[in-house]
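Q: Provided below are the primary sequence and the corresponding predicted coordinates.
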Amino acid sequence: WNLLTICFLLLGVVAAPLAAAETQRVHAGFCYFRYLLYDVNPPEGFNLRRDVYIRMASLVKTLRTAGDDWVLVLPPWGRLYHWQSPNIYQLRIPWGEFFSLTSLQANVPVMEYEEFIAENGGPFIDQVLVLQNYAEGWTDGKWEEKVDERPCIEKLMYSKDKQGYYRGWFWSYEETRARNLTCISAQGHASIMAPVLQKNITVTSVMLDRAETLLHDHYAGKDYWDTRRSMVFAKHLRLIGDDFRAKHLNSTDSSDHTFYSEDWTRMQAKLGSAKGGPYLGVHLRRKDFIWGHREDVPTLKGAVKKMRSLMKKHKLDRVFVATDADGEELKELKRYLPEMVQFEASTEDLELFKDGGVAIIDQWICAHARFFIGTSVSTFSFRIHEEREILGFDPKTTYNRFCGDSEKECEQPTHWKIVY
Ligand SMILES: Nc1nc2c(ncn2[C@@H]2O[C@H](COP(=O)(O)OP(=O)(O)O)[C@@H](O)[C@H]2O)c(=O)[nH]1
Ligand SMILES: [Mg+2]
C-alpha cells in the first residue's frame, strides 16, 4: 500500500490550503478515492458482523480490479443487542479497539469512520443504498442472481430533514447525513453490486445498508480466508488472553506449539502442528439459543455431562468455559461444575475492553485449548473454529459441538480448510 500512503501524503499537501468542503473534489492524478461504507441489520450480533465484513472486503477487491481506488470504511461498533454491561459507554467504538488495523490493511484498504469524516470534509454520505430482497421472492421458485432498483419494501429507518438530507442511525453519529437514498433489491453474491457501483453510480461515497443481504462471493475460498486471516485480534486483547492462559491454565505458546505471527501473511501452520494448552475449551451459548427451546442445544446438566466425559477421554483436568449464560444459569452451571475456569472481567477491564473485547478474549482462550467444543450454529463458535484452523490444530480437536439432550441426529460442524 505504498502508493496509497504516497497518495494520502499528496492529498494532504494539495488539500491543505482548500476549504474543507472542497477537499473531497481534489483529484491528485492516481489518487482519487471512492468510499464504500456499510451497515448491518441492527439485531445481528458481533460475529455475524465479522462475517459480513468478509463479504464487503471481497466486494471492494472486485471494485478495485476495475481501476477505481475504493476504500472500505469500517462501521463503528455499538448498540449491539448482546452488549448489555451496564454503565459502560459502548458506542462509536473504532475497529482498532478490537482488531489490528495494519493487519486489515494488508488485505484491503480500510479506514475508520472518523478518518472518513475528516478526509471527506464532513459527515456526509453521497448515496445510501438500502438493500432488500425481492418483494415477489424467487420467481418460479428459480434462483437467479439479480439486482434492481425497487420501491422500499420495509418501513425506512431513515427520515428526511428540513434541508432534504436523510437522517438515520449512522452508528450514533447524529450529525451524519446522506444526500440521497434508494432501495435496491439484490439477490446474489457481494460482487453483483460492483457493476452498479461502477456504472450507475458516480458519486464518491456510497453506503450499503443491510449489507448482510449479500452473500459471500466464494465462501471458504482463498479470498475468504485471506480476509479472515487478516482479521487479527488487537494485540492488547491477545496479551490479556495469553496472560490468563499462563496464570490459570498452565498454557504458553512454546509448550502448546501455538506459534503466532504478527504478520498474518506469514502464517501457515500445518494442521496438527498445534497441541494446545492442557484444558478443555468450551463455548456454551445460552440466552436466545435456549429461549426457543431448540432441540440442538443441551440443558446445563447435559452440557456438563459431555464436558466431564471429554475431560476424561482427553485426560484434561481443567476446563475453560466461555458463556453468555445469565446470573441464575451461571450459578447452576457452577454448582454442577465447581472447578470451571472463566475469564471474569473486573469493572476496570470491562471499561477498557468493552463487551466486545471480553468476547474476543474468551474466543482467544478457547482457540488455544487442547480440545474445543462449541454450540450448534453459533457464529461465536464458528469464529473460534477458524482461529484454531489458523493456529494449526488437528480438525478433530476443533469441529465439535454439544448435542441437544434428546437430539437424534447430531451432525457435527463442517471442517473448512484454509486456502493459502
Ligand atoms: N464474553 C462472551 N460473550 C458471549 C459468549 N457467547 C455469546 N456472547 C455474546 O453474545 C453475542 C452472541 O452473538 P453473535 O456474536 O452473533 O453469535 P451467535 O448469536 O452465537 O451466532 C456475542 O457477540 C457476545 O457479545 C461468550 O461465551 N463469552
Ligand atoms: Mg447472533
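A: It's in. Since the structure is predicted, the reported quantities are computational estimates derived from the model, not experimental observations. Numbering: from 1, shown residues only. Ligands and ions are numbered 1, 2, ... in the order given.
Q: Ala303 contacts Arg285, correct?
A: No. If you go by C-beta atoms under 8 Å, Ala303 and Arg285 don't touch, sitting 10.3 Å apart. C-betas here are computed from N, CA, C, even on glycine.
Q: any common contacting residues for these two?
A: Listed as contacting both Ala303 and Arg285 by C-beta atoms under 8 Å, 6 or more residues apart in numbering is no residue at all.
Q: Glu119: which element?
A: helix 113-120 (DSSP states H and E).
Q: Residues contacting that helix, please?
A: With C-beta under 8 Å, 6+ apart, helix 113-120 has contacts from 11, 23-24, 33, 35, 37, 73-76, 94, 111, 123, 171, 173, 176, 204-205.
Q: Could you count how many residues lie near Leu37?
A: Neighbours of Leu37 under the rule other C-beta atoms under 10 Å: 26.
Q: now the helix or strand in which Met111 is found, how far from the chain's geometric center?
A: Using DSSP H and E, Met111 sits within strand 110-112. Centroid displacement of strand 110-112 relative to its chain, using C-alpha atoms, centre = their mean, to the nearest Å, is 14 Å.
Q: partners of it in the sheet?
A: Paired neighbours of strand 110-112 in the sheet (DSSP bridges): strand 69-74 (parallel).
Q: any chance you could map the strands in the stretch 251-400 of the chain?
A: Ranges of strands in the stretch 251-400 of the chain, per DSSP state E, counting those that start in this stretch, are 277-284, 319-323, 369-373.
Q: And the contacts of the last one?
A: Counting contacts by C-beta under 8 Å, 6+ apart, the residues outside strand 369-373 that touch it are 256, 275-283, 306-307, 310, 314, 316, 320, 366, 384-385, 388, 393, 397-398, 400-402.
Q: And the average pLDDT for that strand is what?
A: Across strand 369-373, pLDDT averages out at 98.
Q: Contacts (any at all) between ligand 1 and it?
A: No. Judged by C-beta under 6 Å from any ligand atom, strand 369-373 and ligand 1 are separated, with a smallest distance of 12.2 Å.
Q: what does the longest one give?
A: Yes. Applying C-beta under 6 Å from any ligand atom, one finds strand 277-284 in contact with ligand 1 at His283.
Q: need the residues of the stretch 51-200 of the chain near ligand 1, please.
A: Listed as neighbours of ligand 1 in the stretch 51-200 of the chain under the rule C-beta under 6 Å from any ligand atom: 82-83.
Q: What residue in the stretch 51-200 of the chain comes nearest to ligand 1?
A: His82 (3.4 Å; C-beta to the nearest ligand atom).
Q: Would you mind measuring from the residue lying closest to that residue once chain neighbours are set aside to Ser378?
A: In space, and not counting its chain neighbours, His82 is closest to Gly45: 5.6 Å by C-beta to C-beta, 6 or more residues apart in numbering. Distance of Gly45 to Ser378, computed by C-beta to C-beta, to the nearest Å: 9 Å.
Q: gap between stretch 310-323 and the chain center?
A: Distance of stretch 310-323 from the chain centroid (C-alpha atoms, centre = their mean) equals 27 Å.
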